[in-house]
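Trainee: please work out how this folds:
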Amino acid sequence: MKQLYYCILALAAILAAPLRAETLTLGTGDSYAVPIEVLRDSKGTLKFEDVRYSTQFEKTDKNAFGFIRDVIWARFTVTIPEGNDTEWFLEIGYPLLNIIDIYIPVDDHNYSAKRYGNKLPFDKRDISHHSFLIRLNTDPGTYTYYLRFQSDSSMNIPMTIHSLKNVISEINIQKTVFGLFYGALLIILIYNLLLAISMRDLTYLSYAVFIAALGVVSLELNGYGFQYIWPNRMWMNDLIPFFLFATNLTLTVFSMMYIEYRLLNNYFRIILLAYLGIISVLLLASLAMPYHVSIMIGAAAYLPGITLVTVLSVTLILKKRREANWYTIAWSFLFAGVIATVGNRFGLLPNNVVTLWGFQIGTVFSIALFSLGLADRVNILKNNLEEMNVNLENKVEERTKQLTQAKTEIEATMEELEAINDQLIQTNRELEDSQMMYRKDMNMAAYLQSSLLPKKPPVSDLYEFALLFLPKSGVSGDFYDFYMDNDRVAGVGIFDVSGHGIAPGLLTLMAKSIVSASFMEHRRESLTAVVESINRKLISEIKDVDNYLTGVLLRFTEDRIEYINCAHPDVICKKVEIGRTGKVLDRSGKRVSGPILGIDAQGSTDFSSFEEISFKLKQGDTLLLYTDSMLESTNQEGKSYGDTLLMKSLQNAKGGTAQDMLNSIIGDFFNFIAPREIIDDLTVILIRKK
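Mentor: A predicted model of the protein is given here:
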């Protein structure tokens, strides 16, 4: 029994002890990769005491988790052997982490906590270093360290333990390399600014701005900006998305100027300009968006830009343009660096020299090659100028001989030209007189036509009318009429005469008179008889004219509407009760359409093909009559308005009066075709049952 008691105590002691990660022994080496175990805290509520004895830590070789909002807890165990006389430092090689809490063992039971991160002033760090450098315990023994990472940026936690000797060596190397890097950037920046000023070429200016944006992004990413330029301005660390968009924007602008984008096809130019617009909006929006959203968009926005520039490079190569060589090679380096860095930030690629510093590596090579390309461009311009000067001298000499020879011919021709000029002046005067007479005739015809057409629709107890009449020029080939029987509106007609000009305009006057007279003369007969009479009279009057008519005729009889369509666009009806809009069809569901008016079909007098139907309207139901200009007018893309959009517009039309509904429909129509104009005369009549 006593032995069982001791066994239980021993087991409890084992369970109470913290679970240690794989132990790393710090020996004679100068640098060690840190084997870690991690615990993901999705809610961010765990405290140190909650995780110290946790069994949920998992061993992992992964230290790049992408853009996540989870808190990451990590722990590692190191053993410092007896006789150690080396100081050891932990480097966390990703300067964009917001908050890092490290728990350093003081003794077997107690820990001290320190906080690092780019949300704290730089001078709060124990050691001035562009990344996070933390001093570890140096006394012999085994120590377990706990770290808590929280960041709105990519969750990258590359950790390396360095000896003091290695820290000093790396600092010297990094300062030398980055000093050369930023020095080269500054020299190239100033050089291109001077070229832009001296050559008045915006290509060099855009390149200089691109280099400046690249430099700021690099300073942000490697932490040197926070260390040396804005150590106490933490808000500058939140501007990384802004400068990422700025780099993307300036690179696209530079690319367009470098390859003379005006020589590209229209579609590709539109795509490039649209991409520029989107990036410009995102550039400004990044100042207001949450950091974790804008940084992901800023990193991902490079991918469509990369695609566009790749297509651009292929296009230049296919066109065998010389600047394509430098541009393609330079872009390939930057492309590879961006892909490596973006993949790492999204957690797709592990942390290593290429993925962590790919952006800077690609930047160095691309800027150098872009600069060589620009220098080559200067040489090309120089050679072209020299060649042009030689050609110009030869052409001037040749042209001088030609001018001398031509001078004699010109002097001989001048007298003839003066005579011709006098004749042209006289002819011009005659043309101006003819044009003036034509304008007078057109104005008179337009005035006569407008005076015979109703200026506004009549008032009815049963129906409410709205009207739009819009000639494309002075004289219209459309005409319409409201047929009155005493004080009652007996019918409505809308017609379209083929052709343009004065002749069709005058024909409308005759046709209007014929239609009106036939309508009233046969008002006691069927509507078919009315249309047959109209057709016979039109054929008799215009048989020697190459014009014809299409039209729609409605007659109101008690509670029904009689309808005949003569090869005209379909009447559209909106039924309030069922909430639907469509074309007026016959009982079999087919279109109601008869023959064209005014054409004698081989002398036939049989007009039985005119189809007459009748239907009822209920309160609020609406009819829409219109000429073909409504359907056939097109927008900038060449797409016609069509009956589908017209029916949709009528369905959605709201308003207290018929005129309000018509205004809504016409507004939709002109919004669609803008900035183009109507292709023909436009007449629209809207009828709503009261």
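Trainee: could I get the contacting residues of Arg269?
Mentor: Shown in contact with Arg269 (Cβ atoms under 8 Å, 6 or more residues apart in numbering): 261-262. Backbone N, C-alpha and C define where each C-beta goes, glycine included.
Trainee: does Gly582 touch Val571 like I think?
Mentor: No: the criterion here is Cβ atoms under 8 Å, and Gly582 misses it with Val571 at 10.4 Å.
Trainee: which of these two has more residues huddled nearby?
Mentor: Val571 (21 against 15; other Cβ atoms under 10 Å).
Trainee: my read: the more buried one touches Tyr563, true?
Mentor: Yes: in this structure, Val571 is within contact of Tyr563 by Cβ under 8 Å, at 6.7 Å.
Trainee: tell me, what's touching the two both at once?
Mentor: 552, 554, 584, 592.
Trainee: so for the chain, the centremost residue is which one?
Mentor: Closest residue to the average C-alpha location of the chain: Ala274 at 4.6 Å, with Cα atoms, centre = their mean.
Trainee: is that residue located within a strand, as I assumed?
Mentor: No: judged by DSSP: H, G, I helix; E, B strand; the rest coil, Ala274 forms no part of a strand; its state is helix.
Trainee: check contacts around it.
Mentor: Ala274 neighbours (Cβ under 8 Å, 6+ apart): none.
Trainee: same check on the one 5 residues further on?
Mentor: Ile279 is in contact with 245, 248-249, 252, 301, 305, counting by Cβ under 8 Å, 6+ apart.
Trainee: distance of Leu214 from Thr307?
Mentor: As judged by Cβ to Cβ, to the nearest Å, Leu214 and Thr307 stand 20 Å apart.
Trainee: which one of these two is surrounded by more residues?
Mentor: Leu214 (24 against 11).
Trainee: can you give me the strands in the stretch 51-200 of the chain?
Mentor: Taking DSSP state E, counting those that start in this stretch as the criterion, the stretch 51-200 of the chain contains strands spanning 58-60, 71-80, 88-92, 99-105, 111-116, 132-135, 141-150, 159-163.
Trainee: TSV please, covering those strands and showing mean pLDDT and mean neighbour count.
Mentor: TSV is the format used below for these (pLDDT from 0 to 100; neighbours: other Cβ atoms under 10 Å):
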stretch	mean pLDDT	mean neighbour count
strand 58-60	91	10
strand 71-80	94	21
strand 88-92	93	21
strand 99-105	94	19
strand 111-116	94	14
strand 132-135	92	20
strand 141-150	94	19
strand 159-163	92	20
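Trainee: now tabulate those in a markdown table and tack on distance to Leu645.
Mentor: As requested, the strands of the stretch 51-200 of the chain are exported to a markdown table (distance: least, Cβ to Cβ, whole Å):
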| stretch | distance to Leu645 |
| --- | --- |
| strand 58-60 | 58 |
| strand 71-80 | 54 |
| strand 88-92 | 61 |
| strand 99-105 | 56 |
| strand 111-116 | 62 |
| strand 132-135 | 62 |
| strand 141-150 | 54 |
| strand 159-163 | 63 |
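Trainee: which residue sits closest to Gly93 in space, ignoring its chain neighbours?
Mentor: Nearest residue to Gly93, sequence neighbours excluded (Cβ to Cβ, 6 or more residues apart in numbering): Pro158, at 4.4 Å.
Trainee: element containing Asn389?
Mentor: Take DSSP states H and E as the rule and Asn389 turns out to sit in helix 353-452.
Trainee: now that helix: average pLDDT?
Mentor: Mean pLDDT, computed over helix 353-452, is 74.
Trainee: buried residues, whichever helix or strand comes after that helix. List them.
Mentor: For helix 353-452, the succeeding helix or strand toward the C-terminus, using DSSP H and E, is strand 463-470. Using 16 or more other Cβ atoms under 10 Å as the test for burial, strand 463-470 gives 463-469.
Trainee: low-confidence ranges in the stretch 551-690 of the chain?
Mentor: 601-608 (pLDDT under 70).
Trainee: all helices of it, in order?
Mentor: Using DSSP state H, counting those that start in this stretch, the helices of the stretch 551-690 of the chain run over 629-632, 642-652, 658-673.
Trainee: and these, which is most packed in?
Mentor: helix 629-632 (a mean of 20; mean count of other Cβ atoms under 10 Å).
Trainee: Gly215 is in contact with Tyr182, correct?
Mentor: Yes: counting by Cβ under 8 Å, Tyr182 touches Gly215, with 6.7 Å between them.
Trainee: so which of the two has more stuff around it?
Mentor: Counted by other Cβ under 10 Å, Tyr182 and Gly215 do not tie: Gly215 has more neighbours, with 21 against 14.
Trainee: which residues touch the more buried one?
Mentor: 182, 185-186, 189.
Trainee: got it, and Ile599?
Mentor: Applying Cβ under 8 Å, 6+ apart, the residues contacting Ile599 are 539, 548.
Trainee: re earlier: how about the shared contacts of Val571 and Tyr563 in a markdown table, adding distance to Pro81 and neighbour count?
Mentor: Listed next are the shared contacts of Val571 and Tyr563 as a markdown table, based on distance: Cβ to Cβ, whole Å; neighbours: other Cβ atoms under 10 Å:
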| residue | distance to Pro81 | neighbour count |
| --- | --- | --- |
| Val552 | 103 | 27 |
| Leu554 | 106 | 22 |
| Val584 | 98 | 18 |
| Val592 | 101 | 19 |
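Trainee: which pair of the residues you listed spans the longest distance?
Mentor: For the shared contacts of Val571 and Tyr563, the farthest-apart pair by Cβ to Cβ is Leu554 and Val592; their separation is 11.5 Å.
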